[in-house]
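Colleague: Need coordinates for the below:
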Amino acid sequence: MFFFHDAISLDTVHAIRDVAYEQGNKTLTKILDEYKRTLKILLELLNWPMK
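Modeller: The predicted structure is shown next:
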């Protein structure tokens with residue numbers, strides 16, 4: 001089961017996504033973009049500060 005505290009930080013997701021993009025890994029880039037979007041929505045819903 002996934003717990004919110006297990007989520008990767010936005011900064012980490014962004015950094016990994018940049019490396020994937022630079023390496024031409026379109027699938028991983030797309031997955032991380034979607035994860036980042038979903039994490040931002042969750043943070044907004046919980047009204048937690050975002051970086």
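Colleague: what about this protein, any weak spots by pLDDT?
Modeller: 1-7, 48-51 (pLDDT under 70).
Colleague: residue nearest the centroid of it?
Modeller: Nearest to the mean C-alpha position of the chain, by C-alpha atoms, centre = their mean, lies Lys36 at 2.9 Å.
Colleague: does Ile41 belong to a helix or a strand, and which?
Modeller: helix 26-46 (DSSP states H and E).
Colleague: Against which helices or strands is that helix packed?
Modeller: If you count contacts as 3 or more C-beta pairs under 8 Å, 6 or more residues apart in numbering; DSSP states H and E, helix 26-46 packs onto helix 10-22. To be clear about C-beta, it is placed using only N, CA and C from the backbone, and glycine gets the same treatment.
Colleague: still on that earlier bit, my guess is the residue nearest to the centre of the chain meets Asp11, correct?
Modeller: No - between Lys36 and Asp11 there is no contact under C-beta atoms under 8 Å: 10.3 Å.
Colleague: Arg17 - how many residues pack around it?
Modeller: By the measure other C-beta atoms under 10 Å, the count of residues near Arg17 is 19.
Colleague: got a list of what the residue lying closest to it once chain neighbours are set aside touches?
Modeller: Spatial nearest neighbour of Arg17, chain neighbours left out: Leu32 (3.9 Å); criterion: C-beta to C-beta, 6 or more residues apart in numbering. Applying C-beta atoms under 8 Å, 6 or more residues apart in numbering to Leu32 gives the contacts Val13, Ile16, Arg17, Ala20.
Colleague: All good on my end, thank you.
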